[in-house]
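>>> Sequence first, then the predicted structure:
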Amino acid sequence: MSHDRNAAGSATAGANGSATPSVAAAVDDSQHKGSYKPGGLFDLLNRLNAWLCYWVPPGPQCVPMYLVVNLTKGTMLLYLFALMCYFDNFSTGAWVYLALHGNYGLVWLLKDLNFPNPGFTRPATVISGLLVPQAVLAPYYFIGYWMMSAPPHDVEGMPSPQRSPSNERIFCAIQLYCVGVVLMVLTDAQQYLVLAERRRLTQNGAGGIVKKRLITDCLMGWSRNTNYLGEMMLYGAFGVLCQRVEVWCIYAVVWGVVFALRIAAKEYSLATKPGWLDYKRKTWLLLPKVYNSAPLSVVAYVVLLGVLGFAYINGCLLYTSPSPRDRG
């Protein structure tokens with residue numbers, strides 16, 4: 001708030017002709033206008049992302065992207081249950097996967113109903129609005145198919161890892177999903193509600209520079225892409241249950257190309273707003289910077305990796321549940 005008062009005071013003095021803005025005020029004003037401009041690579045990635053999302057020819061921009069996104073995610077529960085019935089697979093693994101991935105579709109619809117993503121409501125060409133999202137989302141259908149079509153036993157006669165995941169693996173998948181969906185939903189909710197309040201203030205004539213400010217607190221105060229991190233975590237839970245290399249190959253393409261492109265476009269947008277340099281120092285690109293402290297964050301992540309590594313080495317992430325004979 002003092003930032004705004006200083007800028008307002010400098011502008012008033014200049015208008016009255018009684019004083020020349022100080023060096024500090026000039027620096028402050030440059031922060032309002034955006035003192036950092038992204039380089040050519042960010043500009044190129046931003047243009048490529050916009051072209052793919054909205055302008056792929058032919059045709060006018062008339063189809064909102066959310067139609068395909070909501071249809072694909074919202075019907076996942078029905079799709080997965082139909083596969084369970086078709087393959088007669090009502091195993092523990094199938095039910096857990098149905099609960100997690102099916103629930104994500106319902107959560108997504110509730111989120112979109114209450115605080116939609118503006119990028120998905122923007123009109124696009126037919127190709128961008130219908131086919132581009134489906135090209136990204138369609139591979140996720142295969143994960144559910146591989147999960148539900150798994151045979152009861154593998155070639156060695158052992159229980160199928162998809163049908164009989166270990167209790168520890170189920171625990172890890174549920175934890176990943178719950179934390180991931182909370183991060184994704186709360187970050188999108190925070191951004192939507194803050195921007196809505198700023199629009200209200202602007203309409204009432206009280207917005208001013210506030211409208212252009214970055215959101216730098218709560219979840220967005222620790223990471224610049226908590227929503228993408230959350231989505232990677234919840235989809236990672238599906239990969240933990242499915243236990244196929246192909247799943248992680250799909251994620252490598254989607255996360256390494258689609259997510260990276262959208263994150264780069266987001267960085268481009270953030271970099272043109274006031275306070276970007278301070279915000280960049282305060283946060284990390286993806287992982288949360290715990291209490292905005294790099295040393296504390298490094299220690300926290302090293303401990304987390306150590307615990308996970310110890311659990312894996314000591315058999316706490318078994319592929320399948322042990323048979324009754326093994327338990328005895």
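Everything's here; your move.
>>> Please make it C-alpha for all contacts and neighbour counts, starting now.
Will do.
>>> How far does the longest helix belonging to the chain sit from its chain's centre?
Assignment by DSSP state H gives helix 167-203 as the longest helix of the chain. Distance, stretch centre to chain centre, for helix 167-203: 9 Å (CA atoms, centre = their mean, to the nearest Å).
>>> Okay, buried residues for that helix please.
Neighbour-count burial for helix 167-203, counted by 16 or more other CA atoms under 10 Å, picks out 167-170, 173-174, 176-178, 180-192, 195, 198-199.
>>> and whichever helix or strand comes after that helix, average pLDDT?
Note on helix 167-203: by DSSP states H and E, the next helix or strand toward the C-terminus is helix 226-242. Averaged over helix 226-242, pLDDT sits at 96.
>>> again with stretch 77-96
97.
>>> And for stretch 169-181?
Per-residue scores along stretch 169-181 average to 95.
>>> Go ahead and name everything in contact with it.
96, 100, 104, 229-238, 240-241, 316-319 (CA atoms under 8 Å, 6 or more residues apart in numbering).
>>> which among the residues you listed end up buried?
96, 100, 104, 229-238, 240-241, 317-319.
>>> And stretch 284-291, end to end?
11 Å (CA to CA, to the nearest Å).
>>> For the residue nearest to residue 83 when sequence neighbours are not counted, report the pLDDT, please.
In space, and not counting its chain neighbours, residue 83 is closest to residue 148: 6.1 Å by CA to CA, 6 or more residues apart in numbering. Note on residue 148: pLDDT of 97.
>>> Dihedrals phi and psi, residue 148?
Dihedral pair for residue 148: phi -80, psi -20, per degrees, to the nearest 10.
>>> contacting residues for it?
80, 83-84, 87, 89, 94, 162-163.
>>> hang on, isn't residue 320 packed against residue 166?
Yes - the criterion here is CA atoms under 8 Å, and residue 320 meets it with residue 166 at 4.5 Å.
>>> Now the common contact residues for the two.
Counting by CA under 8 Å, 6+ apart, nothing touches both residue 320 and residue 166.
>>> Show me the shaky parts of this structure.
For the chain, applying pLDDT under 70 flags the ranges 1-40, 42, 206-211, 321-328.
>>> ok, now with 90
Across the chain, the ranges flagged by pLDDT under 90 are 1-69, 116-137, 153-161, 166-168, 195-213, 257-258, 261-262, 264-269, 271-274, 308-328.
>>> which residue packs closest to the spatially most central residue of it, ignoring adjacent ones?
The centroid of the chain falls nearest to residue 228 when counting by CA atoms, centre = their mean (1.8 Å). Spatial nearest neighbour of residue 228, chain neighbours left out: residue 184 (6.8 Å); criterion: CA to CA, 6+ apart.
>>> okay but the one you found is in contact with residue 229, surely?
Yes - applying CA under 8 Å, one finds residue 184 in contact with residue 229, separated by 7.4 Å.
>>> So for stretch 130-150, what gets flagged as buried?
130-134, 140, 143-150.
>>> I'd like those laid out as TSV, including distance to residue 276.
Formatted as TSV, these follow (distance: CA to CA, whole Å):
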residue	distance to residue 276
130	34
131	34
132	31
133	30
134	34
140	35
143	39
144	41
145	44
146	44
147	44
148	46
149	49
150	49
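>>> separation between residue 265 and residue 253?
17 Å.
>>> of those two, who's got more company?
Counted by other CA atoms under 10 Å, residue 265 and residue 253 do not tie: residue 265 has more neighbours, with 21 against 13.
>>> what about the more buried one, distance to residue 104?
Residue 265 is 25 Å from residue 104, by CA to CA.
>>> before we move on, what about residue 204?
37 Å.
>>> do the same with residue 57
According to CA to CA, residue 57 and residue 104 sit 32 Å apart.
>>> Find out how far the helix or strand containing residue 309 is from the centre of the chain, if you would.
Assigned by DSSP H and E, residue 309 belongs to helix 294-313. Distance of helix 294-313 from its chain centroid, counting by CA atoms, centre = their mean, is 22 Å.
>>> Please apply the same query to stretch 225-240.
For stretch 225-240, the separation from the chain centroid amounts to 7 Å (computed by CA atoms, centre = their mean).
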